[in-house]
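*Asks:* Below is the structure, and that's it, no one-letter string:
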C-alpha cells in the first residue's frame, strides 16, 4: 500500500496547472457566462488534448481507459482554474454510455468526447447544463438507479421504463444562476431514443458516481484556489498599519480552511481508488463542504472587494456554492454513507 | 409594552445574588455530590425563605401565586451560583399539583414546598433526581400530556390511565453521573396513588413547561457564571508574556459566548411572560445550547486547570452539559417550535 | 416587564396593516439594484409618503408620524409581514437623517428631509475609500477651503445605492496637519451629478450594481452642506452610532417575516427532517432578535445609549441572515441555483452583512474589549 | 497510488486479529484512571508483551516486531476494532521511546525499553509547570549538578498517569544564565518513588486521577538518566516532535472503531433522522483521518519529516473526537448522563484533546504561519 500520487500523476497535475495558468481562464469564464463560448471551447480542446476526458473513456472508444485517480487529479486542476463548461457532465455522459449493454451509442459518440471535438451534457435531474452550446445532449427519464431490495415496496405501481435520449436543442434561453458560468436549461423533451431498460438505470447510477467523483475533485480545486488567493490577499492588504494576515482571527479562519481541504483530499483519492457509491458520496460531501466553507472565509477576509463580480475571486466563490448542491446534496450524500452496509 | 425587568425584579435578583455569594455554594455542591445534604438543605431553606419556590405556588397553598418572570429571575441566580438539589423538580412538582382537578394533594403538599420545609422531585421520564434526600417523590406513569388531535392514531390500543403516585424511597444508591451533583435514581415503583385520569396528563404537561422554563433560566445563569469566571481567568493568566485575554482568538470565542447568552436572555423572559409550550421550548433549547457552548469555551480557555474536578469551574461545566438534555433534548424542543402552528 | 401593546399601539399597528394590505404590490417589484427596479422603488417611496408611512418615526413636520420607537418596530413587523418592497431610501433615512436631527441646522433639516421622505432625493453613503475599509480613520479624500464652500477631491468606494442615487454624504479630510487621524475630518453632503463627480457602478456577486466607486475632482460644495463644525466630522459621524441607529439598521420585522416564509417553504417541501433543526433555529432566532430589540428599545427609552451593545446585535443579525438564506437555498435544492428568486437575492444581500457596517471581526473585538473588559491587543 | 495491502501485510493483520480475538477481555477492564484499573491494564500490557504485541513497531531486541509504520496502522485498526483495552503505557511508548531511539545511549535503551514494553515500568510525562502550559519555554524547575548526577527541584503539573505510574521524564533548567529561554534545559528521567518526590493526584472532570502534580525537592538523578547532552534538552525534546510521533499520538484505528460503534448505537436507537448527518460525519471523518494518515505514512517512509503538518492532524482528531462523543451522548438521551459508560468516559477523555499536546490555538497559529506563510503576529 502506498497512498500517494506517483511522480507521473504529479507531473500530469503540474502540466495541467501550467497550461491553465497560461490560458487566462478567468476571461474564458466570463465569456462563457455571457453566452460567448468560443474562448471556452478553445480551452476545452486543450484540456481534451491533455487527455482529461479520455480518462473516463475505454480504449475501444479512443479513450485511455477509465482511470478515476488520474481523472480526479485533472479535475482538481480544472476546479483550481475555474474551467467553464460541462466538464463534469461530459465525464458523466461518458460513464453512462460506457456502461450500457449496447455498445452502439458509445461507438457513435465517445470518440468525439475523448478528442474534445464534442462536449456533452447529461440530465438525470431537473436541468441540462450548457444545453445550447453542447454537442451531445443526453437525457435519462424514469428511474435512474437500479432498484435495491430494501427499496422495493410491496404492491407498488411498476415504474416507467428508463429511457436514454439524445435531446434536441433547448427552446428557451438559460435562466440566470447564482454562478453565472452555470447556464442551466429546462431539459427539452423528446429526441432520438438511444437505449431503454434496466441497463440504462444501472448505467445512470454509474454516471452519477463518476459525476460525483469529478465534482468532488473540482470542488477541492475550487477550495484550494480560494485559499491560495485569500492567503495572498491578506499578506498584502494592510489595515490598522499591519497586514490583515497578522490578525489571529484571520489566521485561525484560514487554518480551519486548510484543515478542511487537507482532510477532503485523501477522501477524494480514496474514493477514486475504490469507486464505491459510499466512498464517492463521502468525498463529494466533504470536498464540497470544505470548498464552501473556504468560500465563506475567502469572502469575509477579502471584505467588500471579494463581494464584487468584477474581481476574479467571484468566479470561484459562486462555483463553490453551486457545486455543493450539484449531483447530490450534502444530505443525500450523507444519507448514502449512513445507509450503506459497509464500514471502513 | 415595556420588556425590561423592573426595579423590584432587579432588586430581587441582586438580593439572591448577594445571599448566594455569601453562602459559599461550591462547598455545598461538593457536599451534596457525595451524599451529605446538610449544607445543601440549609442553603435550600434560605432560598425558600427568599420566596423562590413560593413563586410557583398559589396563594391558597401558602405561595405567592405563580409568577413565572420572577421565578426565571430567581433561577438565573440559582444557576449562576450552581445551587444543588431538585430545584427545578420542586417547581415542576408544584406546577403539577396546582394543575390537578382535585385540590387535595396540593393542600396537603404545597405549603411545605413553599416554605422550604420540604423538597420534591418529579419523575415524568426515566429517573428521579435526588430521590434519597427528597421529602416528596412524585411519579407519573402513563401518557404525560393530553393527546392532540394530530397525534390520535386511528384504531390504536387505548393508552393506560395516567397515574400520579407518592413514590417510596429508592432501594438502591444513585448511579454516578457526569455532573456529580445530579444524583439520579431509578424511580421506585408503587407508592400511594394521589390522582389518576386525564387531568393528571394535562397537569404533567403544565409541569413540563414550568420545568423547562426553570431549566432555561438555570442554564442561562450557568452560562453567565462560566463566562464571568473565564473572563476573569484570561485577564489574569499570562502566557508568552501577555495576558491570555489579549489574544484575538480568545477574545472572539468569548465574544461569541456573550452573544449567545445575551440573545438567550430575552427568549427566557419572553417565555416567562407567555408560558406557551413553544416559547418555553425555544428558550430552553437556546439557553441550554448557549450555556453548553460557553462551557466548551470556558474549558478551552482555562486549559488544564479547567479540566480538574477540584477547581470550582467544573461545577458549572458539568451542569451545563446535564441541563442541555434535562427535561427535553435540543431536538425535542426544536421539534416543538417547528411543529407549532403559532408564529411570532 | 410585559409584552402587551397598548390599545393605541395596537390601533396604530392595525392602521398600518390595513394600509399595507391595500397598497403592497401584489407582484414583487424588480430588484432595487437595477435601474428599472430603482425607479419602481422610488415610486413606492412616494406612495408610502403620500399617506405618511415612509418615515413613521420622524417628526410630523418632515413627513413622519412622530410615532416613537415601539410603534416603529410594530410598523416594521407589519411592513415585512406584508411582503412590501425593500426600502431604497434607507441610507438616507437611517444614516444621514439621525445625524441631521442631532447636528444639522434647521435650514438643513427643512431642505433635506422632506424630499428624502418622499423618495424624491435618494441618498448614497460615501464612507469607505480603497485604503480605508475597516480602518475608517485613514481616510484620504480631501475637502479644500474655497470661497463660500469646499472643493472635494479623491476617491470613495463601496458607496451603496450610488449607481442610481441623487446625492451622497461622507467624511473628508479638511485639515491634513492634525496630530491624530480622527481629527481634521469634515462631514459633507454633495450632489452625485455635480461637476467633477464620476460614478462607476460596481456589480456585486450577482452582477447587480449595488454600489459604486466615486471619483471626485474639485467638486464644489457650499458651506450649507457641511454638517456640524468643519474638522469635527468624526465626532459628528460617531455620535449617532450610539443612538437608535444601532437598533434600526435591521429591523426584527424583517427576520420574523423571513423566518415565517422559511417555515412555509419547509412545509411546502414536505417538512424534511434533515432541515427541521435549522428551520427551528431560524424561527427562534427571529423571535430572539425581536425580543432583544424590544429590551434595547426599552433601555433606550429610559435614556440609555446603545453603545457597544449594538455590536452584539450586528454580529447576531448578520450571521443569522446568512444561515436563514443558506437553509432556504438548501431546501430549494436544484432550484436554489436560480439567481432571480427572492431567496437568492436575499442570500447575496445577506453575504455582505458580516463585512459592512464594521466587519464582524471588529465587532467581536469591541464586544471583548468594551463589554467584557478584555485587554486591548494588537488584534 | 493504491490502498491494497500486500499479502504479507494482510497476513500480519490476520495474525493480530486472531490473537486479539482470543485474548481481548470479554468485559471491559475497569477505568485505567483508577488504581484497580491501572493494575488491570498493566497486566494486560504483560499479556500483550508475552506474545510480542505490546510494541509492534519497535526493534525485536526490545520486545517489538520491527513491523514498520503500515503494519503498525493495521495493528491499531485491529486492536481498536476488537475493543481491546486502553494503553496504560502510552506516555512511555509514544513520547519517551522515540527520544531514546534518537538520542539515548545503548545502555539506556537496553535498560529502559524492555520493562516499558512489558508494562513492568509505566512512565508518566512531566512537561508542564504551573506557569508554563502552552508556553513551555518558561520552565522553572531546576536540575542542579551534584556528584555523579543532578538534583531536581521544583514543581511539575498535569503529569498524566503520574498518580499510579513508576517513573517520569521531563525537562529541567540546568543552566539559569543562558540568554534564551529554550537554552540551558536538560532532558531527564526520574523515579516517582525516589526520595524528595511528592505525587499529588489530580482528579479530572469526572473525578478520576488522570494526572498529578509532582513536587520535587532535591531529587537525585544519576548521570545515566540524562538523555542527550545536558543543556540540550529543548533540542532533544523537539527533535522527535517531527518524527512519526505526530502520526502515532492518536491512531486512526481508534476513530474507525469508535465511528462504527456510533453507527451501531444510531441503528439501535432507531436511526433518528435528526442525528443522521452527525453520524455520517463521524463515519466520514474516521475514514478521512485513516486515509490522511496513510498518505502521511507514505510521505514519512519516503523520508519526509511530518513537521507542521502534524498540527493539521492534531486539530482534526481532537475536534473530531469531541463531536463524535457528543453525538453519542445525544443519542443516549437521558442515559448520556451516566458517568460509568464507555461513551461518557470517552467524552471526558476527548474534552482534553484540544487542550493538551499544544492547544489547538497554538496549532492554528502554526498552521497559519508555517504552512500558509502568514506573518507572525503578536498573537
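*Replies:* Happy to help now that I have it. On a predicted model such as this, the values are computed, not experimentally measured, just so you know.
*Asks:* Now do the same contact list for the residue nearest the centre of chain C.
*Replies:* Chain C has residue C:249 as the residue nearest its centroid, 4.7 Å off, counting by CA atoms, centre = their mean. The contact partners of residue C:249, taken as CB atoms under 8 Å, 6 or more residues apart in numbering or on different chains, are C:94, C:313, C:314, C:317, C:357. Quick note: C-beta positions are derived from backbone N, CA and C, even for glycine.
*Asks:* Need the pLDDT of the third one.
*Replies:* Reported pLDDT at residue C:314 in the predicted model: 93.
*Asks:* Okay, and which of the contacts of residue C:249 map to helices?
*Replies:* Secondary structure from DSSP state H places C:313, C:314, C:317 of these in helices.
*Asks:* tell me which of the residues you listed is nearest to chain D?
*Replies:* The shortest approach to chain D among those belongs to residue C:314, at 24.3 Å (CB to the nearest CB).
*Asks:* now residue C:215, what's its secondary structure?
*Replies:* Secondary structure, DSSP: H, G, I helix; E, B strand; the rest coil: residue C:215 is strand.
*Asks:* Read off the pLDDT value for it.
*Replies:* Predicted confidence (pLDDT) for residue C:215: 98.
*Asks:* Show me the beta-bridge partners of it.
*Replies:* Counting by DSSP bridges, residue C:215 is bridged to residue C:155, residue C:198.
*Asks:* Can you report how many residues neighbour it?
*Replies:* Residues within reach of residue C:215, counting by other CB atoms under 10 Å in any protein chain shown, total 16.
*Asks:* Would you point out which residue of the stretch 151-300 of chain C is nearest chain A?
*Replies:* Counting by CB to the nearest CB, the stretch 151-300 of chain C gets nearest chain A through residue C:203, at 4.0 Å.
*Asks:* Would you check how far apart the residue lying closest to that residue once chain neighbours are set aside and residue B:103 are?
*Replies:* Leaving out its chain neighbours, the residue that sits closest to residue C:203 by CB to CB, 6 or more residues apart in numbering or on different chains is residue A:309, at 4.0 Å. From residue A:309 across to residue B:103, the span is 71 Å (CB to CB, to the nearest Å).
*Asks:* Compare these two and say which is more crowded by neighbours.
*Replies:* Between residue A:309 and residue B:103, residue A:309 has the larger neighbour count (other CB under 10 Å), namely 21 against 14.
*Asks:* Find me the pLDDT at the more buried one, would you?
*Replies:* Looking at residue A:309, its pLDDT reads 95.
*Asks:* Point out where the stretch 51-200 of chain A drops to low pLDDT.
*Replies:* Low-confidence segments of the stretch 51-200 of chain A (pLDDT under 70): A:145-159.
*Asks:* Any idea how many residues pack against the residue in it positioned nearest to chain C?
*Replies:* Relative to chain C, the nearest point of the stretch 51-200 of chain A is residue A:176 (4.3 Å; CB to the nearest CB). Neighbourhood size, residue A:176 [other CB under 10 Å]: 18.
*Asks:* Kindly report the residues of chain A close to chain B.
*Replies:* A:247, A:248, A:249, A:252 (CB under 8 Å from any CB of the partner chain).
*Asks:* near chain C, which of the residues you listed show up?
*Replies:* Filtering the residues of chain A next to chain B for neighbours of chain C using CB under 8 Å from any CB leaves A:247, A:248, A:249.
*Asks:* Compare those residues and tell me which has the most neighbours.
*Replies:* Highest neighbour count within these, by other CB under 10 Å: residue A:247, with 27 neighbours.
*Asks:* I'd say that one and residue C:359 touch.
*Replies:* No: counting by CB atoms under 8 Å, residue A:247 sits too far from residue C:359 to count as a contact (10.6 Å).
*Asks:* Let me know the secondary structure of residue C:169.
*Replies:* The three-state assignment at residue C:169 reads strand, by three-state DSSP.
*Asks:* what sits against it?
*Replies:* C:95, C:96, C:99, C:123, C:125, C:126, C:187, C:188, C:189, C:190, C:227.
*Asks:* hang on, the fourth one packs against residue C:170?
*Replies:* It refers to residue C:123. No: contact criterion CB under 8 Å: residue C:123 and residue C:170 do not qualify, at 10.6 Å.
*Asks:* I'd guessed the residue of the stretch 51-200 of chain A closest to chain C sits against residue C:340; true?
*Replies:* Yes: judged on CB under 8 Å, residue A:176 makes contact with residue C:340 at a distance of 5.6 Å.
*Asks:* How about the closest residue to chain B within the stretch 201-344 of chain A: what's its closest non-neighbour residue?
*Replies:* Closest residue of the stretch 201-344 of chain A to chain B, CB to the nearest CB: residue A:248 (3.9 Å). Distances taken as CB to CB, 6+ apart put residue B:248 closest to residue A:248, at 3.9 Å, once the chain neighbours are dropped.
*Asks:* Next: residue C:84.
*Replies:* Nearest-residue entry for residue C:84: residue C:24, 4.7 Å, with adjacent residues in sequence omitted and distances by CB to CB, 6+ apart.
*Asks:* where does the residue of the stretch 51-200 of chain A closest to chain C fall, phi/psi-wise?
*Replies:* The phi and psi values for residue A:176, taken as degrees, to the nearest 10, are phi -60, psi 140.
*Asks:* Against residue A:325, how distant is it?
*Replies:* According to CB to CB, residue A:176 stands 16 Å off from residue A:325.
*Asks:* For the stretch 1-150 of chain A, which residues are neighbours of chain D?
*Replies:* A:1, A:2, A:3, A:4, A:5, A:6, A:9, A:69.
*Asks:* Can you name the element that comes right after the lowest-mean-pLDDT helix or strand in chain C?
*Replies:* In chain C, the helix or strand scored least confidently by mean pLDDT, DSSP states H and E is helix C:245-248, which has a mean of 64. Going down the chain from helix C:245-248, the next helix or strand is helix C:252-268, by DSSP states H and E.
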